Structure formats: C-alpha cells, structure tokens
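# Let me see the structure of the following:
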Amino acid sequence: MTQTTQAETKSDEPVHRRVREPGWLWVSAGVLAAMIVVQSSGVFESPAMAEMATTSGSFSMLTTDGGNDEILVVVDSRQESLMVYRAANNNALVLLEREELSSLFTRARARAMGGP
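As a prediction, the model looks like this:
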C-alpha cells in the first residue's frame with residue numbers, strides 16, 4: 001500500500017503563480033515624489049490668519065494683527081495675569097507686557113468714572 005504525502009499531492013496540482021509587473025510600483029513612486037515636490041514648494045500653503053482665539057486649561061489665547069507683527073495675548077486665569085507677546089522673525093515670541101488683571105481692571109474703572 002502506497003502512502004501519498006502532502007508534498008506529493010501538492011506537486012500533482014498545477015501551480016498558478018502570478019508574476020506582477022513592477023510598473024505600478026514605479027507609478028506609485030512617481031506619484032509620491034510629485035506630492036513631496038508640490039508640498040515642499042509651498043504651492044498649497046495658506047498664510048496664517050490672525051484674530052483667532054482658543055482656551056486650554058487655565059490659559060486663554062488670542063492672536064491679532066499688530067501692523068508689521070503678529071500679536072499674541074495670553075490670559076492666565078490661575079495667576080490672574082495678562083501677557084502680550086509679538087512674533088519676532090516668525091520663529092520666536094518676545095514678551096512685550098505683563099499685567100496683573102486686578103490692577104488693569106482697577107485702572108479701567110477709574111478711567112471710566114473720570115479718574116486719572
């Protein structure tokens with residue numbers, strides 16, 4: 001009695017192998033290269049728009065146009081202070097002013113009532 005092994009059974013069946021052409025690989029590589037070139041050239045970049053506001057934790061932030069510079073106003077509700085920054089060379093923030101909110105509101109009330 002002859003026993004057939006799994007290997008013999010598989011060798012009797014026709015083997016269908018699909019050979020894939022490398023053409024699609026080159027096409028997808030070309031598309032990726034074109035996307036990298038377009039992205040790095042800045043064709044689809046939009047300028048940063050000021051006058052946006054957001055809140056994160058105890059901080060509230062507002063950006064606005066300050067003429068030649070972008071201005072960032074930060075309110076820290078935990079320390080009750082207001083800080084004003086300007087963008088220097090579009091890569092750093094420079095602190096322009098730091099003010100305690102209590103003294104700021106006291107002065108504003110005095111001016112509204114006609115005081116100094």
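
# all contacts plus neighbour counts: C-alpha atoms, from now on.
Will do.

# Starting from Ile71, give me the distance back to Leu101.
For Leu101, the distance to Ile71 (Cα to Cα, to the nearest Å) stands at 19 Å.

# Can you pick out the residue with more neighbours from the two?
It is Ile71, of Leu101 and Ile71, that has more neighbours when counted by other Cα atoms under 10 Å, with 23 against 17.

# Tell me the confidence at the residue nearest to that one when sequence neighbours are not counted?
Among residues not flanking Ile71 along the chain, Arg86 sits closest, at 4.5 Å (Cα to Cα, 6 or more residues apart in numbering). Listed pLDDT for Arg86 reads 89.

# Can you report how many residues lie near Arg86?
22.

# Tell me the secondary structure at it.
strand (DSSP: H, G, I helix; E, B strand; the rest coil).

# OK, contacts around it?
69-72, 93-96 (Cα atoms under 8 Å, 6 or more residues apart in numbering).

# residue ranges for the helices of the chain, please.
6-12, 23-41, 101-112 (DSSP state H).

# tell me how far the longest one is from the chain's mean position?
Here helix 23-41 is found 23 Å from its chain centre; the criterion is Cα atoms, centre = their mean, to the nearest Å.

# do the last one as well
Averaging C-alpha coordinates over helix 101-112 and over its chain gives two centres that are 37 Å apart (Cα atoms, centre = their mean).

# buried ones in it?
Leu101 (16 or more other Cα atoms under 10 Å).

# what's it packed up against?
Packing partners of helix 101-112 (3 or more Cα pairs under 8 Å, 6 or more residues apart in numbering; DSSP states H and E): none among the helices and strands.

# Can you get me the start-to-end distance on stretch 64-83?
Across stretch 64-83, first to last residue, Cα to Cα, it's 14 Å.

# Could you list the buried residues of that stretch?
For stretch 64-83, burial by neighbour count (16+ other Cα under 10 Å) applies to 64, 70-76, 81-83.

# Quick one: distance of it to the chain centre.
Using Cα atoms, centre = their mean, the offset of stretch 64-83 from its chain centre is 20 Å.

# what is the rounded mean pLDDT of it?
87.
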